[in-house]
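Trainee: can you look at this prediction? I've put the sequence above it.
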Amino acid sequence: MKKVILAGACMLASFGAFAQAGAVMSAESNFASGKLDAAKESIDKASVHEKTGNKAKTWFLKGEIYRGIAADQTGMYSKLDTNATVVAYDAYKKAVQLEPGKTYSKQAEESLKQMHFFAGAQKYKNGDYTGALPLFEMATTANPTDTLAPLYAGITAQQLKDYDKAAASFENLIKIGTNMPDIYTTLASIYRSQQKNDLALEVLKKGTAKFPGDKTMKSEEFNLYIATGKTAEAKANLEEAIKREPNNPTYHLNMGILSEQTGDPEGAAAAYTKAIELDPNSVDANLSMGVMHYNKGADISKNINNMDLKTYQKEGKKLEEQLKVHFKAALPYFQKAYQLDATNLNILQPLASIYKVLEMKTEEAKIVKEIETLN
């Protein structure tokens, strides 16, 4: 009787193993037929069974099925598992580990090259930037000519404030080749934040060479020259920009600012005049021109205030007339700037001083009241 029972037990065990092998076959058949729900049900059972859960084929097939679920565009199967991409990735990974060098393991390894990115994208979508970054980095290694992986690796590293890795990814992307000028300006910005101005400038030079018409990059290059005290290079940059776009008021405005900084007031006045001619409603251009005249008057006013009585009696009246000349020259530009931006204290406060010196009491009182309201 014992022998019969033992034989029966062996038959049951064999039947169980056959049933689980059948689950793999069923999953494979349903997957081939596009029945992802039935395929998922079968492969989930097979992957946890002791007889089939340690086979590379089982996990490779699970990867394929869940990858299909993740890629479903019909809406029929995508809801089966909203984390299907990561499940597929993990399944391929396990297939590689179980039987390295064998058929299904090799196939899983090839699939993994594609799944690094998609698994990373899923983690990124879920806000798991820490988990996403190494996957994007692996995708970059697996597909050295792919541009999406280093792009997302850089963006993810920025989210994590790992700017060294972000910079490395964007550098790699530029090396591969990108048609996105923003990558150059972003990388330059990272280097600037790290006080690596030479690297930032090198990146911007590459960018402007590839995208000569990109205004943002030219502007960043100009700003970097100014920030690093390279005024000659900044001026050359602007002259080139003006030659390319002679009717761009911003370039003339910047040329005016640069000319003032390098001690060329006549050049500055000419540049500001051109900027205003091209864009009469430019607050910055009108204010810059007004401030240039205003500062000349302010210097005279300071000298007057520092005079003793005897010196003032001798020279004061003459200097006051010169002060009025400069403030009269500044007035129309401040008035225009005020029309364009009536709440800007950088406009209102000097304008009040101008009205005071020119003895325009009604206008002065109005501006002073507005300043008090804003304060």
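Mentor: Thanks, I have the structure now.
Trainee: sec struct for Ala108, please.
Mentor: Taking DSSP: H, G, I helix; E, B strand; the rest coil as the rule, one finds Ala108 in the helix state.
Trainee: kindly tell me how buried the nearest residue to Gly213 once chain neighbours are set aside is, as a neighbour count.
Mentor: Excluding the flanking residues, the one nearest Gly213 by CB to CB, 6 or more residues apart in numbering is Arg244, at 8.0 Å. Every C-beta, even on glycine, is put in place using the N, C-alpha and C of the backbone. Other residues lying near Arg244 total 13 when counted by other CB atoms under 10 Å.
Trainee: from Ser301, how far off is Arg244?
Mentor: For Arg244, the distance to Ser301 equals 41 Å [CB to CB, to the nearest Å].
Trainee: Thr85 too?
Mentor: 70 Å.
Trainee: name the residue in those two with the higher neighbour count.
Mentor: Higher neighbour count among Thr85 and Ser301: Thr85, with 23 against 18, using other CB under 10 Å.
Trainee: quickly find the element holding the more buried one.
Mentor: helix 84-98 (DSSP states H and E).
Trainee: name the helices or strands packed onto that helix?
Mentor: Packing contacts for helix 84-98, counted by 3 or more CB pairs under 8 Å, 6 or more residues apart in numbering; DSSP states H and E, involve helix 56-71, helix 103-125.
Trainee: can you redo those helices as CSV with distance to Thr262 and mean neighbour count?
Mentor: Shown next, in CSV, are the helices and strands packed on helix 84-98 (distance: least, CB to CB, whole Å; neighbours: other CB atoms under 10 Å):
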stretch, distance to Thr262, mean neighbour count
helix 56-71, 60, 24
helix 103-125, 47, 20
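Trainee: figure out which of those is closest to Met360.
Mentor: Nearest of the helices and strands packed on helix 84-98 to Met360, taken as CB to CB: helix 103-125 at 61.2 Å.
Trainee: now do the closest one: everything it contacts.
Mentor: With contacts defined as CB atoms under 8 Å, 6 or more residues apart in numbering, helix 103-125 is touched by 55-57, 59-60, 63-64, 67, 70, 83, 85-86, 88-89, 91-93, 95-96, 98-99, 129, 131-133, 135-136, 138-139, 142-143, 146, 148-149, 152, 156.
Trainee: so the residue nearest to Leu331 when sequence neighbours are not counted: helix, strand or coil?
Mentor: Among residues not flanking Leu331 along the chain, Ile354 sits closest, at 5.5 Å (CB to CB, 6+ apart). At Ile354 the chain is in helix, as set by three-state DSSP.
Trainee: and Ile354, what's its pLDDT?
Mentor: Looking at Ile354, its pLDDT stands at 94.
Trainee: need the contact list for it.
Mentor: Contacts for Ile354 (CB under 8 Å, 6+ apart) come out as Tyr294, Phe327, Ala330, Leu331, Phe334.
Trainee: the fourth one reaches Leu358, doesn't it?
Mentor: When you say that, I think you mean Leu331. Yes: if you go by CB atoms under 8 Å, Leu331 and Leu358 touch, sitting 7.1 Å apart.
Trainee: more crowded one of the two?
Mentor: More crowded of Leu331 and Leu358, by other CB under 10 Å: Leu331, with 20 against 15.
Trainee: could you dump the helices and strands packed on helix 84-98 to CSV with mean pLDDT and distance to Thr273?
Mentor: Output for these, formatted as CSV (pLDDT from 0 to 100; distance: least, CB to CB, whole Å):
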stretch, mean pLDDT, distance to Thr273
helix 56-71, 92, 62
helix 103-125, 87, 51
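Trainee: and the ones you listed as a markdown table, adding distance to Leu173?
Mentor: Formatted as a markdown table, those follow (distance: least, CB to CB, whole Å):
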| stretch | distance to Leu173 |
| --- | --- |
| helix 56-71 | 25 |
| helix 103-125 | 14 |
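Trainee: tell me how many other residues surround Ala209.
Mentor: 10.
Trainee: list the contacts of it.
Mentor: Applying CB under 8 Å, 6+ apart, no residues contact Ala209.
Trainee: helices or strands up against the helix or strand that Glu363 is a member of?
Mentor: Secondary-structure assignment from DSSP H and E places Glu363 in helix 361-374. Counting contacts by 3+ CB pairs under 8 Å, 6+ apart, helix 361-374 is packed against helix 345-357.
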